[in-house]
Structure formats: C-alpha cells, structure tokens
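Novice: Just to be clear, the model below is a prediction. Sequence and coordinates:
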Amino acid sequence: MWESIWEEGTNMTYINSSESLVLQDVSIDRILENGQIVPRLQQLDFALAPGEWVNLAGVNGSGKSSLARLLAGLTIEGVRGTWSRGFAGNRPSPYIMQHPDAQLFAETPREEVRFALEWRRLEPDMIMQLTEEILAFTGLTAIGDTPWEHLSGGQRQLAAVAAASAGESPLIVFDEATSMLDEQSMQLVYRLARKLNERGTAVVWVTQRLQEIEASSRVAALTEGQIVFDGTGHAFLYGADDETGLTPCQACGLRLPYLSALALELGRLGKLQPPYPETPEEWEAVLQGIVAVPV
Ligand SMILES: Nc1ncnc2c1ncn2[C@@H]1O[C@H](COP(=O)(O)OP(=O)(O)OP(=O)(O)O)[C@@H](O)[C@H]1O
C-alpha cells in the first residue's frame, strides 16, 4: 500500500527550499510467494538538487518506479532508511503515470487546470487568469473545453502535466509518462517537461526510451534495486567498463539506442573517433565525412 510520507511524518526532516532532496540508506524488501525475501531497493543513497533533471533507467523490475515514488514523497510499506525532502517541500509531488486517465479528475483540460488551481486557494480572478496562462503555456488553449473522449492519449497526458504544473510544485515525477504515446505526442509531453524544467522545476524522468536521454543530462541507472550508475547520458551510453568492455547502459541489460550502437560500431571500425555525435547536426557532419571516404 502506498501512503504519503508527509502524512506519516516519520524519518523525515522538513523543508529547506535550497537544499537537495536526499534519501539515505533506503531499502525495501519484497516477500515472494514462497516466503523468500528479496530486495526491491537496496541501501540506496540518492540526492536531487533544486531544479535538476534526472533520468531513471533500468530494466523492468529494477526499482525505477519504487525510487521515483519515494522521490515524489510517496512511501511504500516497509521502507527503511532516512530522507529529507529539502526543496521538494512537505507535500507529495505530482506523479505523472503512463495512463493519463488514471490521474484526470475533471471533464476537460480547462476544468482540470482550474481544479488544480483551486487547491491553491487563490482569488477567482487569479484562477481564471492562471488557467489561461497555463493552457497557453502547455499548448492546450484551443482544446481547453473539449471533453476527454474527443482527445487523444497524448492530449490527455498534456492536460495531466498542465494540471501538475498548476500547483507550482518544485518537483514533478514522470514515470514512463510517454511510453503509451505516439511519437508526436511523446515529443510534446517531453518538450513540456523540458520547458517546466527550464522554469526551475526539478524533474525525475523514468524512461525505457534511452534515445530521449540527452548527452549532458544526469542518468541514474538501477539494477536489482541498487544504483549501479550515476553520471551523464554520454557516459551512460558510451563509457566503457575496462573489464567487460560493455557500456554502463549495456551492463544494466539495456540495449543501446540505434544511433549510439552505430556510433560505437563506426568507432570500432576506425571510421569515427570519440567524442561521438549526439545531435542531428553532428550526425549529419559525420555522415557526410563517411560518405566522402573512398571504398
Ligand atoms: N506493490 C508492490 N508490492 C510488492 N512488490 C512490488 C510492488 N511493486 C513493485 N514490486 C516489485 O518491486 C521490484 C521493483 O519494481 P519497480 O516497479 O520499482 O521496478 P521498475 O524498474 O519500475 O519496473 P517496470 O519498468 O516494470 O515498471 C519488482 O521486483 C517488482 O515486482
């Protein structure tokens, strides 16, 4: 059963807006049907700074959602360890899940945003003004009054993020929020999350789509409930372990995104030198160079 840390109040120190959110020595056990106890999270230490973006990666069952939920201020029965919410405040942070419908309360995007703003106990005029600003910011003005049944999954997910942003939370957690969306909707939701991050909102982005990880952004990767990598996207995809020769991404059991695998293979063939290309422009320059090489 999930319950919120702030209601429970145990193990938790309260709030300083400039301090990191910190989990220390956090573990959760899982009891299998045969009675065996296996770790769900193992002695995990993790810190998130105000305004930071962190990608959580790992294979299915590695503990990404468990960690994400703890970071959002939701606890799990049996969780041990200590944590301090720091900048994230004493209330649970918005938690955007795969299925938008599970988190929508109203009938339309405009109502959803207004509903979220009403929790802030603002004056009615201010609620109206902010509703329109948020709809404009999230690109939902034109469909603000369209009922959910006439909107796509991507549009409903955008509305869920819009409502989440209405609370001006210092942290929003996205748990594979784009995994059920088509490419275009996925891009829109991702860009909206980036826009919120640029405005200062810290973002925890749980993902299996490694191609959405930016080279310079932070990646924390989990295996069997432990953080086995914490570094840049670039090091995650291209760094090599001396003993195995695997990249951290491969060592976690994840498949490299196609372009990263291509870059490594071109490097192995001696046709490409690190640093490997990241952006479409860099790739274009590289491919032009390769085509120019006589066979
Ligand atoms: N409510 C629960 N009760 C007991 N065990 C759970 C519960 N939720 C998840 N688990 C177990 O905890 C472990 C970590 O699960 P978690 O959902 O955190 O991983 P994940 O990396 O997010 O996986 P996925 O990508 O499949 O969502 C898994 O072994 C999972 O079966």
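Specialist: Arrived safely. Numbers count the residues shown, from 1 in each chain.
Novice: Tell me how many other residues crowd the closest residue to residue 235 other than its chain neighbours.
Specialist: In space, not counting the residues next to it along the chain, residue 235 is nearest to residue 248; the distance is 6.8 Å by CB to CB, 6 or more residues apart in numbering. Where you see a C-beta, it was placed from the backbone N, CA and C, and this is true even at glycine. For residue 248, the neighbour count with other CB atoms under 10 Å is 21.
Novice: how about residue 248, what does it touch?
Specialist: The contact partners of residue 248, by CB atoms under 8 Å, 6 or more residues apart in numbering, come to 221, 228, 229, 231, 235, 236, 239, 241.
Novice: let's go with 6 Å and repeat that
Specialist: 229, 236, 239 (CB atoms under 6 Å, 6 or more residues apart in numbering).
Novice: mind listing which of those are in strands?
Specialist: Counting by DSSP state E, the part of the contacts of residue 248 found in strands is residue 229.
Novice: could the contacts of residue 248 go into a markdown table alongside pLDDT?
Specialist: Shown next, in a markdown table, are the contacts of residue 248 (pLDDT from 0 to 100):
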| residue | pLDDT |
| --- | --- |
| 229 | 95 |
| 236 | 94 |
| 239 | 87 |
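Novice: The ligand: which of the contacts of residue 248 is nearest?
Specialist: Closest approach between the contacts of residue 248 and the ligand, by CB to the nearest ligand atom: residue 229, at 14.1 Å.
Novice: burial count for the closest one?
Specialist: Around residue 229 there are 19 residues (other CB under 10 Å).
Novice: Just to check, it is in contact with residue 223?
Specialist: No. Using CB atoms under 6 Å, residue 229 makes no contact with residue 223, being 8.7 Å away.
Novice: can you list the domains in this protein?
Specialist: 2-229, 257-292 (automatic domain parsing).
Novice: Just give me the neighbour total for residue 237.
Specialist: For residue 237, using other CB under 10 Å, the count is 26.
Novice: ok, now which ones touch it?
Specialist: Contacts for residue 237 (CB under 6 Å, 6+ apart) come out as 249, 260.
Novice: One more: residue 159?
Specialist: 109, 112.
Novice: for residue 27, same thing?
Specialist: Neighbouring residues of residue 27 by CB under 6 Å, 6+ apart: 41, 42, 43, 80.
Novice: what do you get for residue 286?
Specialist: Going by CB under 6 Å, 6+ apart, residue 286 touches residue 277.
Novice: pLDDT score assigned to it?
Specialist: As predicted, residue 286 sits at a pLDDT of 78.
Novice: ok but it is inside a strand, no?
Specialist: No. Using DSSP: H, G, I helix; E, B strand; the rest coil, the secondary structure at residue 286 is helix, not a strand.
Novice: and it, how far is that from residue 142?
Specialist: For residue 286, the distance to residue 142 (CB to CB, to the nearest Å) stands at 40 Å.
Novice: Same question for residue 202.
Specialist: 30 Å.
Novice: that older thread, mean pLDDT lowest where, among the domains of the chain?
Specialist: domain 257-292 (a mean of 82).
Novice: How far does that one sit from its chain's centre?
Specialist: Per CA atoms, centre = their mean, to the nearest Å, the displacement of domain 257-292 from the mean C-alpha position of its chain is 27 Å.
Novice: mind checking which helix or strand the residue most central in space within the chain is in?
Specialist: The centre of the chain sits closest to residue 205, judged by CA atoms, centre = their mean, with a distance of 0.7 Å. Residue 205 belongs to strand 202-206 when assigned by DSSP states H and E.
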